[in-house]
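Trainee: Give me a model of this one.
(2 chains)
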Amino acid sequence: MSKSRGKKEVMSAGRSPKSISNGHSATAGTNGGGTLLSTGLRLKTGLAEMLKGGVIMDVTDARQAEIAEKAGAAAVMALERVPAQIRAQGGVARMASPKKIREIMDTVSIPVMAKCRIGHFAEAQILQALGVDYIDESEVLTPADEAHHVDKHAFKTPFVCGARNLGEALRRIAEGAAMIRTKGEAGTGDVVHAVKHMRQIVREMNMLKVLSEQELYAQAKELGAPVELVRLVAKTGKLPVPNFSAGGIATPADAALVRQLGAEAVFVGSGIFMADGLNFCEPAEAEKRAKAIVRACTHFDDPKVLLEVSEDLVGAMKGLAVAAMAEGDLLQTRGW
Amino acid sequence: MTIGVLAIQGDYEAHKVRLEQLGANVTLVRKPEQLDAIDGIVIPGGESSTFLNFLAEHGFLEKLRDFVRTKPTFGTCAGAILLANQVENPPQQSLNAMDISIRRNAYGRQIDSSIREVRTKLGDKPLEMVFIRAPKIVRTGKGVEVLAKSGGDPVLVRQGKTMAATFHPELSEDTRVHQEFLKMVKNGHRSK
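Mentor: Numbers count the residues shown, from 1 in each chain, chains lettered A, B, ... in the order given. You can find the predicted model right below:
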């Protein structure tokens, strides 16, 4: 098992995540947790269930949100700047202005998500008060806490969090995340790390399945995750919450790739509305890209449809190869 | 007997798992021609605007409209929205299969989602109902049988071969609603 955890932050062994209650044994829904999850978490993962098979698109204004909805997006992520812009422009990236988010909420009928900084529970409180449907505690924004993520159990609004490996995913779930997405490398248009993280999580889950009950304790320590959650994954081979993909997905083929690797839905950030790191593409172009990626996400295992939707496109965002980037420019190493 | 689950987007897997648990043979339906090979269809939860976006192509909407007129159909949440003959907030196209009016996101946003125990006509025991950004049935026509009400609003309704729920029985352990649908498919018409 890879020692992929960056920091020594071990869960106290006796701590049982608040999300698990032991009253039921049957399973409902398609993720490992099923009705083992508490009422609050079931409602939170319930919305993630409804997003499955769909595309969640980053938008920076009401007009883009409209284009996304029209193209078939299952939800939108309301942002001040998309990750490619944040990368190109630099500075501190914070929660989007509530006024802008509200404008987007008023424009579309699909769910609206918004990002808060890692550990910034006050931004999360504001987003909850605003009534967004999902909060993304995101490494794309500048972290507000170097040791602690938001205690997501304290919120009624569901959270999605990024992860690069199983330990990180389970730590976020222990904190109350109701959806996990791969981190990938946002704003690059390079899918390589979304693939890497999805493969890593799936491989680590498969490995758990062959371990004996006794071995799970040591494995939980190795993963830095609560043993109850490790046991649950060992039993079901799945995360107890939906598992989506994000970070660098820019083309219909990219979406199909991560879906075939096990992603249950796809987040697309800069890939739809950006021509390069600084400039938006033409709205008609964005609409075409959005529609093609939505189709690819549904027909992910049907190469004929994938060909058809890819043929209609003139190009994708220019992008940034992750392998050529300096370590310090990576967003995925934020969070732990 | 093969049941199709419309698998454009949404919680189609949850329906598939439940139906298979009850012994049904399940196909995920993503293309209109697949409708020819199934005996009944479930339209799952998800985003109805996304469903309509796909249905607008390749004659899918027309073909599905014909299907739901002749074969047993069950819609949950977004599925119920598609089955209604009138949709509000915003007004949108539908399959026009049931004489009901439905209002999207009528109970509020995700923060207003809830789990309730509700009495139904499917046995004495109350049924757990998971409501996620649920629509509200605001009018039922004469031929519509109300199988359950919550807070004064119909939440499970049936008309002929078509059944609709504004909640998600596929996300609860109780299998009664899906059992009822399979009965409808077996009989080729309404069960009682």
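Trainee: ok, now which ones touch the spatially most central residue of chain B?
Mentor: When Cα atoms, centre = their mean is applied to chain B, the residue found nearest the centroid is residue B:75 (0.9 Å). By Cβ atoms under 8 Å, 6 or more residues apart in numbering or on different chains, residue B:75 lies in contact with B:42-43, B:81-83, B:162-165. C-beta coordinates here come from the backbone N, C-alpha and C atoms, glycine included.
Trainee: Now do the phi/psi pair for the residue nearest to residue A:153 when sequence neighbours are not counted.
Mentor: Take residue A:153 and drop its neighbours on the chain: the residue closest to it by Cβ to Cβ, 6 or more residues apart in numbering or on different chains is residue A:176, 3.9 Å away. Taking degrees, to the nearest 10, you get phi 110, psi 10 for the backbone angles of residue A:176.
Trainee: With residue A:137 instead?
Mentor: Backbone geometry at residue A:137, expressed as degrees, to the nearest 10, gives phi -80, psi 100.
Trainee: Ok, residue A:296 next?
Mentor: The phi/psi pair for residue A:296 (degrees, to the nearest 10) reads phi -60, psi -30.
Trainee: I'd guessed residue A:117 sits against residue A:144; true?
Mentor: Yes: using Cβ atoms under 8 Å, residue A:117 makes contact with residue A:144 at a distance of 4.2 Å.
Trainee: which non-adjacent residue is nearest residue B:126?
Mentor: Using Cβ to Cβ, 6+ apart and skipping residues adjacent in sequence, the residue nearest residue B:126 is residue B:117, 4.2 Å away.
Trainee: and that neighbour, what element?
Mentor: According to DSSP states H and E, residue B:117 maps onto strand B:114-118.
Trainee: how far out from the middle of the chain is that strand?
Mentor: Once both centres are worked out by Cα atoms, centre = their mean, to the nearest Å, strand B:114-118 turns out to sit 18 Å from its chain's centre.
Trainee: ok and the helix or strand just after that strand relative to strand B:114-118, angle-wise?
Mentor: Where DSSP H and E defines the elements, the next helix or strand beyond strand B:114-118 is strand B:127-131. Inter-element angle recorded for strand B:127-131 and strand B:114-118: 150 degrees (by axes from the mean of the first three to the mean of the last three Cα atoms, to 10 degrees).
Trainee: how about the residues of chain B near chain A?
Mentor: Counting by Cβ under 8 Å from any Cβ of the partner chain, chain B comes close to chain A at B:7-14, B:17-18, B:30, B:45-47, B:49-50, B:53-54, B:77-78, B:89-90, B:104-105, B:108-111, B:113-115, B:130, B:132-133, B:168, B:170-173.
Trainee: Now the buried members of the residues you listed.
Mentor: Burial by neighbour count, 16 or more other Cβ atoms under 10 Å in any protein chain shown: within the residues of chain B next to chain A this picks out B:7-14, B:17-18, B:30, B:45-47, B:49-50, B:53-54, B:77-78, B:104-105, B:109-111, B:113-115, B:130, B:132-133, B:168, B:170-172.
Trainee: sorry, back to before: any idea what the residue nearest to residue B:126 is bridged to?
Mentor: residue B:128 (DSSP bridges).
Trainee: OK, contacts around it?
Mentor: Contacts of residue B:117 by Cβ under 8 Å, 6+ apart are B:126-129.
Trainee: can you check residue B:32 too?
Mentor: Applying Cβ under 8 Å, 6+ apart to residue B:32 gives the contacts B:58-60, B:63-64.
Trainee: Can you select the buried ones among these for me in PyMOL?
Mentor: Command for PyMOL that selects the buried part of these, burial taken from 16+ other Cβ under 10 Å:
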select buried, chain B and resi 60+63+64
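Trainee: can you give me the strands for chain A?
Mentor: Counting by DSSP state E, chain A has these strands, from start to end: A:55-59, A:75-78, A:112-117, A:134-138, A:159-163, A:179-182, A:243-244, A:266-268.
Trainee: can you give me the end-to-end distance of stretch A:317-331?
Mentor: 19 Å (Cα to Cα, to the nearest Å).
Trainee: Please spell out which residues along it are buried.
Mentor: A:317, A:319-320, A:322, A:330-331.
Trainee: now stretch A:136-144
Mentor: Neighbour-count burial for stretch A:136-144 flags A:136-141, A:143-144 (criterion: 16+ other Cβ under 10 Å).
Trainee: Dump those residues into a markdown table; add pLDDT and distance to residue A:243 as well.
Mentor: What follows is the buried residues of stretch A:136-144, written out as a markdown table (pLDDT from 0 to 100; distance: Cβ to Cβ, whole Å):
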| residue | pLDDT | distance to residue A:243 |
| --- | --- | --- |
| A:136 | 98 | 15 |
| A:137 | 98 | 16 |
| A:138 | 97 | 17 |
| A:139 | 95 | 17 |
| A:140 | 95 | 19 |
| A:141 | 96 | 22 |
| A:143 | 96 | 23 |
| A:144 | 97 | 26 |
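Trainee: just those residues now: which is nearest chain B?
Mentor: residue A:136 (13.5 Å; Cβ to the nearest Cβ).
Trainee: Contacts only, for the closest one.
Mentor: Contacts of residue A:136 (Cβ under 8 Å, 6+ apart): A:77, A:113-116, A:159-161.
Trainee: Likewise for residue B:84?
Mentor: Contacts of residue B:84 by Cβ under 8 Å, 6+ apart are B:94, B:98, B:100-102, B:137, B:164.
Trainee: same question, residue B:108
Mentor: Neighbours of residue B:108 in contact, by Cβ under 8 Å, 6+ apart: A:131, B:133.
Trainee: cool, and residue B:155?
Mentor: Residue B:155 makes contact with B:118, B:129, B:131, B:137, B:148-149, B:165-167, according to Cβ under 8 Å, 6+ apart.
Trainee: and if you look at residue A:329?
Mentor: Per Cβ under 8 Å, 6+ apart, neighbours of residue A:329: residue A:87.
Trainee: Please work out how many residues are found near residue 119.
Mentor: Unless you meant another one, I'm taking chain A. As a burial measure, residue A:119 scores 19 neighbours (other Cβ atoms under 10 Å in any protein chain shown).
Trainee: The chain in question should be chain B.
Mentor: Using other Cβ under 10 Å, residue B:119 is surrounded by 13 other residues.
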